[in-house]
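**Q** got a sequence here, can you build the structure:
(one chain, ligands or ions: 3)
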Amino acid sequence: MKPTVTIVLGLQWGDEGKGKILDVMAAEADWVLRAQGGNNAGHTVEIGKEKYVLHLIPSGILRGKVSCLIAGGAVVDPTGLVKEIEGLTKRGIRTRGRLHLAAQAHLVLPHHRAVDQGFEKRRGSGKIGTTGRGIGPAYADKAARVGLRAGELALPSRDLARRIRERVALHNRASRGQGWVKISATKTIREVEAAARFLRPYLADGVTLAHRAVASGQRILIEGAQGTFLDVDHGTYPFVTSSHCTAGGACTGTGVPPTAIHRVVGVLKAYTTRVGGGPFVTEDGTLGHLLHGMGREFGSTTGRARRCGWFDAVLVRRAVQLNGVTEMAMTNLDGLDGLEKIPVCVGYRLRGKYLKEPPVDAADWSRCRPIYRNFEGWCQPTTEARHWKELPRKARIYLSAIKDLVGAPLGLISVGAGRDQTFRHG
Ligand code: GDP
Ligand code: IMO
Ligand code: MG
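**A** Ligands and ions are numbered 1, 2, ... in the order given. You can find the predicted model right below:
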């Protein structure tokens, strides 16, 4: 069987524009499977004047013929998912029969949020800057084998209530020593039962669904959340999320085997952003000021101003290796339209040494200084370009240099948030 699966994931620290690119690519897809993460994600899709921010639901939902699966590698806040479905329904987007929730996915419950926020408070100035959605503690419970899975939403209500009561009691006992906020089991049971009634029709065996789609040769996109350097193994640990945001995670999260993967599309911005703490070698306050002044780069989940910096080729080169990227989708080129000079980081300097690869340790990573190569800005709008040849010459030079520096071909190029502001390289 010819592989038909495409992984679409972020090559930086999240918010690369995956939502927009997935929505564009979903025009030629049958399925979109969300592999990992939870409602820490915020994937923005703009269609005409309508703006959608998706947190758990795959971006393919906005294309009427596409089926969507929240796969087993994701962690799902049941009440959050209900709200997200209701929000789409109000806007005329049908989800019943199109959206499926893998029974294998783990649940994020109120006690996970209490622990997430408790840990952050205790970390003080060294905090990770999590989204506070309980993602880390939910994955910790999964690894510790004490988590509840979405499939349990189908249990008779007495059994579901017992499972929740046990889990909340464990939390409340531990919270005495830890200083976590205590959780009411009764309130949690009430909330989860309401969500369970709503979500039961969406439950499915995620792996069987995915494999049926693969076996029948359907065109499948796997949607990654977060980005390569937020991956718990390959990111700027400990300033990471708790899931595997790289291509390997797309396979384990969905149960789709590596041999079924045909393409890996790495989404990246023409510059760099990150939300939360951690190393950021090319961070630049002036660029941040400029982008924020344009109303850009505010988090779609928490509204926090994103940290901004220049394109970091050291970072993306590593992301290309880690994910086996077959093509890149470059977004937000228009963010650089007004600049006369655009630096690109081509290497790091650490304790007098030149590095072509990022260091292992986050503390060392923070000490790295960027080595820049400067490019001339094009100083004209790119937002109306619909073809490679319509881009200013200096913008083409910039993009071609990036492609060579990171070692992966360019596919889609995006010059605005709209669906139509997208074209293929060449
Ligand atoms: P995601 O998490 O990777 O889906 O990215 P987000 O949606 O969190 O953030 C990307 C932001 O950039 C969103 O506001 C998008 O609407 C916007 N966006 C995506 N591509 C472009 C582009 O090429 N130009 C502009 N101006 N905005 C873009
Ligand atoms: P999308 O899918 C950007 C960041 C948080 C924090 C770290 C850990 O929209 O690209 P967590 O709540 O996951 O424990 O927080 O990860 N983070 C993201 N940053 N985009 C995201 O998702 C993110 N999801 C988590 O800001 O630094
Ligand atoms: Mg986002």
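**Q** which pLDDT value belongs to the residue of the stretch 151-300 of the chain found nearest ligand 3?
**A** Evaluated by Cβ to the ion, the stretch 151-300 of the chain has S300 as its residue closest to ligand 3, separated by 4.8 Å. (Glycine included, C-beta is placed from N, CA and C.) We have a pLDDT of 83 for S300.
**Q** same check on L290?
**A** L290 is given a pLDDT of 95.
**Q** where's the one helix or strand it maps to relative to the chain centroid, distance-wise?
**A** Secondary structure from DSSP states H and E places L290 in helix 285-293. Offset of helix 285-293 from its chain centre (Cα atoms, centre = their mean, to the nearest Å): 23 Å.
**Q** quick one: the helices in the protein?
**A** 18-25, 78-90, 110-123, 135-143, 157-178, 185-199, 206-215, 247-254, 285-293, 313-323, 362-367, 393-406 (DSSP state H).
**Q** hmm, the third one touching ligand 2?
**A** Translated: helix 110-123. No - contact of helix 110-123 with ligand 2 (Cβ under 6 Å from any ligand atom) is absent, the minimum separation being 6.7 Å.
**Q** buried ones in that helix, by neighbour count?
**A** Buried residues in helix 110-123, counted by 16 or more other Cβ atoms under 10 Å: P110, H111, H112, R113, A114, V115, D116, Q117, G118, F119, E120.
**Q** residues in contact with the fourth one?
**A** Think R113. Contact analysis of R113 by Cβ atoms under 8 Å, 6 or more residues apart in numbering lists G132, R133, G134, P137.
**Q** select from those residues every entry located in strands.
**A** Among those, DSSP state E puts none in strands.
**Q** closest one of those to T254?
**A** Each of the contacts of R113 was checked against T254 using Cβ to Cβ; the closest is R133, at 21.3 Å.
**Q** surely that closest one meets T79?
**A** No - at 11.6 Å, R133 does not count as touching T79 under the criterion of Cβ atoms under 8 Å.
**Q** so the two - more neighbours on which side?
**A** R133 (24 against 18; other Cβ atoms under 10 Å).
**Q** show the pLDDT at that one.
**A** What the model reports as pLDDT for R133 is 97.
**Q** what sits against the nearest residue to it once chain neighbours are set aside?
**A** Closest residue to R133 apart from its sequence neighbours, by Cβ to Cβ, 6 or more residues apart in numbering: N40 at 4.9 Å. By Cβ under 8 Å, 6+ apart, the contact set of N40 is H55, T130, T131, R133, I135, A225, Q226, T241, T301.
**Q** try 7 Å this time
**A** Going by Cβ atoms under 7 Å, 6 or more residues apart in numbering, N40 touches T131, R133, I135, T241, T301.
**Q** okay, those in JSON lines with distance to G48 next?
**A** Shown next, in JSON lines, are the contacts of N40 (distance: Cβ to Cβ, whole Å):
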{"residue": "T131", "distance to G48": "29"}
{"residue": "R133", "distance to G48": "30"}
{"residue": "I135", "distance to G48": "32"}
{"residue": "T241", "distance to G48": "32"}
{"residue": "T301", "distance to G48": "23"}
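**Q** between those, which sits nearest ligand 1?
**A** Distance to ligand 1 across the contacts of N40 (Cβ to the nearest ligand atom) is lowest for T301, with 7.5 Å.
**Q** what number of residues lie near that closest one?
**A** T301 has 18 neighbouring residues, counting by other Cβ under 10 Å.
**Q** right, I'll leave it there.
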